[in-house]
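A.B. asks: test case, fold it:
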Amino acid sequence: MKIKHIVSTLFLALIALKGNAQTANQNKADKDYTQYAYIDAIGTYEKVAEKGYKDETMFQRLGNAYYFNGELMKAAKWYEALFEMNAEQEPEYYYRYSQTLKANGDYAKADKILEAFNKKTATDKRGILFENNKNYLEQIKANSGRFKIANAGINSKQTDYGSAYYNNKIVFASARDTGGVVRKTFKWTNKAFTNLYSAELKTDGTLGEPERFEKKINSKFNESTPVFTKDGKTMYFTRNNYLKGKRGRDDQKITLLKLYRAEFVNDKWTNITELPFNSDQYSTAHPALSNDEKKLYFASDMPGTLGQSDLYSVTINDDKSFGKPENLGQAINTEGRETFPFIAADNQLYFASDGRPGLGGLDVFVTTIKSDNTFTAVQNVGAPVNSKQDDFAFIINSESSKGFFSSNREGGIGNDDIYKLTETRKLLCEQKLKATIVDLETSKVLENAKVTLLDEQFKVIAEVLSQADGTYTFNVECNKKYYVRAAKEDFETKEVPVTIIGEEGETSVVVALEKRIKPIGVGTDLAKTLNIPIIYFDLDKSFIRKDAAFELEKILAVMKQYPKMKIDVRSHTDSRQTAEYNIALSNRRAKATIQWLTKNGIASNRLTGKGYGESQLLNKCSDGVSCTEAEHQLNRRSEFIIVSIE
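C.D. replies: Numbers count the residues shown, from 1 in each chain. You can find the predicted model right below:
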C-alpha cells in the first residue's frame, strides 16, 4: 500500500505510526602440588601492573579476568587503564568497560563509552542490520521460491487487505462500494472507508462471494484486521477512534486508530468495547492472538516505541482484563515500521517491516517465538510473497500450508489486493556449531571445561561442560554471530567470535586455553612460561629499555615469590654480525639483565648468566642464508632457566 494511502485510509495508521555474562569461577591454585611448583600468570601481571608498568595485552587480560568472573568493579580499574593507554579498542571492550563503569555508579561516563560503542557498530539498528547483512539480496534469494501465489479472487477495484480466519470463512477489510449502501469517503483521499467483509473458504481453496460483515461491527469510519478466538465467541479488530456515535481526536484533531473487542452473543456480535491501553494520542492496530490466546499482539506508536511503529504484546487475564503492553524489543523492532503481526500454529511470528533489508516497501518477515518468549533470527520470507512494493498482512494455516497476504504490487486489481498462497518448502536454516576446547600448550583436548554460547549482544544462550573428547555441539541459526566462551580451572578464560553462514551444515571452532597456573621446576625457561618472546635492546646496545624492564618485572615477581629460586640468564643473538661480535654483545646483554635484577632486590648469588651469541640458532638462519626478519627474531631471545628452586 502506498504511503499516502496508509497515512490516510484505515490505516491512517499505522501507517502514519511512528508507523553476567556468567562464566566459570577461577579458583585459586592448590598449593600442594607434587614434583612442580606453580605460578599464577594473572597474579604476576597484577604485581607488575601495580608497579606502574603499562601494556595493552596485560590490561586486557586483567580486565577480562575480573569481568568474566563477575567482579566488575575490579575489572573497571584495568579497563580504565587500558583506555587511558589506547582509546582505540575493539567494540567488545567498549561494551565491557561501560558495564563495569555502571557497577561503579559512574553512569555518565558509562553512557559516553556506550556512545562510542554505538558509533563503532552503527547507532541506528537499520544501519546495523544493513551492515551485518550486506549480502541480504543473496539471503532473500535463498529464501525465495517457497510459495505459490495467486489472486485470491475476492478483490475489488478499491482497497482490499488484511484477512483473518473465522470458522470456515475469511474476514477482510474492503473499501468496495456495495449496492444499496451509501458510500462514504475519507476527505484526505476521496477514497471509501473500509468495512469488514467475509467470504466462504471452500474445500477446494477458492473463496465465495464476499458479503458485508455484521452491521454492528462496521461503522461509518474504518474497520480492519480482525482476529477471532478459536471458539468464535470473541473478536478483536481495528477501528478509527469511534464508539457509540462519538469520534475521538488527538491534540492535532486527527482521528487515530484503536483496538476494540466484541463478543458473539445470541448469534450476534455485540458488547463492543475499546481496549484499556488505547489512547486518543497514539494508534493501536492490527491485533493477533497467541496460540494459547493468553496474549494479544498488536502494532502501535505509543510512548516507548523504538521506531515509527513497533510490535507489542499484552497479557489477557482470565477475567478478560489486560496487563501492561510490552514492547517486543530490538530483536523485532527497528527505527522503521513493524506492523501486521500474525502468529501461526507452529508459533512462528510473521510481520511486515520496512526497517530491515528487503526488496522494497514493507516486506514480510518471520521469526519463531521460543518458550522463553525470546525470538529466533528474523528472516525475510523472500519472493514471490515479497515484491518491490508493500507486502503485508500475512496469515497461514500451518496444517494445510495455505494462507493469504496483501500487497499493492503491480498487476493487481485495486489499490491493495489479497493474494492466496501455498507454502511448498519450510524456511528453516540451522547449523551445528561444534566447539572443541584444547590446551594451548599441548593441544590436548580438555574435558569438563565450561562452554558458554552467547548471542551477538553477549546474552547467554546455553552453558554446558565439554565432553570427554573436549567438544560440545550447539544448535545455532544461520546468518548470525555468536561468541563461544570457554573456562576451566587453572586456565585463563577465553572468548572467540563465530559467524554462521547462510546455509545448513556444521561450523567448527577450536578454543585454545592458556594455563593460568603454570608448572615450573628445574630446567623451566621462565621466558616461555611468562610469554616473554624477547628482551628488547637497542641496536648494538646492552642497556635495559623501558619495554624490556616490563618483561623483567615478571621475572622479578616470580623470583620474589620463590626466594630460594636460582636462574641462569642466557642471551642469544641472530647471525647478522660476526660470531665474535655476537658473543661479546650477548655477554654484555646477559650482564645488564643480571645487574637490573640485582639492582631491584635479587641477591647476586641467585643469578648466573652468559651470552651465547649465534651459537644456538633455532632455525636455518646462519651466515649466508636468506631469512625474513621474523625468522631472525626467533633467534634473538633471552632465556631464564631455573637451575634450582628448593
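A.B. asks: switch to C-alpha atoms for all contacts and neighbour counts from now on
C.D. replies: Will do.
A.B. asks: what's in contact with the helix or strand encompassing Trp596?
C.D. replies: Applying DSSP states H and E as the criterion places Trp596 in helix 579-599. With contacts defined as C-alpha atoms under 8 Å, 6 or more residues apart in numbering, helix 579-599 is touched by 540-544, 552, 556, 569-575, 604, 607-615.
A.B. asks: show me the residues you listed that map onto helices.
C.D. replies: Using DSSP state H, the subset of the contacts of helix 579-599 located in helices is 552, 556.
A.B. asks: which of the contacts of helix 579-599 are buried, as a PyMOL select command?
C.D. replies: In PyMOL syntax, the buried subset of those is picked out as below (16 or more other C-alpha atoms under 10 Å):
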select buried, resi 542+543+544+552+556+569+570+571+572+573+574+575+607+608+609+610+611+612+613+614+615
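A.B. asks: so which of the contacts of helix 579-599 are in strands?
C.D. replies: 569-572, 607-613 (DSSP state E).
A.B. asks: give me the outermost residue of the protein relative to its centroid.
C.D. replies: Distance from the C-alpha centroid of the chain, by C-alpha atoms, centre = their mean, peaks at Glu580 (59.9 Å).
A.B. asks: how close does it get to Gly609?
C.D. replies: As judged by C-alpha to C-alpha, to the nearest Å, Glu580 and Gly609 stand 18 Å apart.
A.B. asks: again, but for Ala549
C.D. replies: In this view, Ala549 and Gly609 are 17 Å apart by C-alpha to C-alpha.
A.B. asks: tell me the secondary structure for the spatially closest residue to Asn278 that is not a sequence neighbour?
C.D. replies: Spatial nearest neighbour of Asn278, chain neighbours left out: Lys258 (5.9 Å); criterion: C-alpha to C-alpha, 6 or more residues apart in numbering. Under DSSP: H, G, I helix; E, B strand; the rest coil, Lys258 falls in the strand class.
A.B. asks: quick one: residues contacting Lys258.
C.D. replies: 238-241, 274-275, 278-279, 283-285.
A.B. asks: repeat for Asn448
C.D. replies: 465-468, 470, 488.
A.B. asks: among these, which are in strands?
C.D. replies: Mapping these onto strands (DSSP E) picks out Leu465.
A.B. asks: among the contacts of Asn448, who's most crowded?
C.D. replies: Lys488 (25 neighbours; other C-alpha atoms under 10 Å).
A.B. asks: test my guess that that one contacts Ala449.
C.D. replies: Yes. If you go by C-alpha atoms under 8 Å, Lys488 and Ala449 touch, sitting 4.8 Å apart.
A.B. asks: which helix or strand contains Glu263?
C.D. replies: Per DSSP H and E, Glu263 falls inside strand 257-265.
A.B. asks: and the next helix or strand past that strand?
C.D. replies: Heading C-terminal from strand 257-265 (DSSP H and E), you reach strand 268-274.
A.B. asks: so what are the sheet partners of that following strand and their directions?
C.D. replies: Here strand 268-274 has these sheet partners by DSSP bridges: strand 257-265 (antiparallel).
A.B. asks: what residue spans form the domains of the protein?
C.D. replies: 37-121, 138-423, 430-515, 521-644 (automatic domain parsing).
A.B. asks: need these in CSV (columns: mean pLDDT).
C.D. replies: As requested, the domains of the chain are arranged in CSV below (pLDDT from 0 to 100):
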stretch, mean pLDDT
domain 37-121, 82
domain 138-423, 91
domain 430-515, 92
domain 521-644, 87
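A.B. asks: run through the bridge partners of Ile487.
C.D. replies: Check again: residue 487 is Ala, not Ile. Residues in a beta bridge with Ala487, per DSSP bridges, are Lys450.
A.B. asks: give me the residues contacting stretch 608-618.
C.D. replies: 567-575, 579-591, 594, 634-635.
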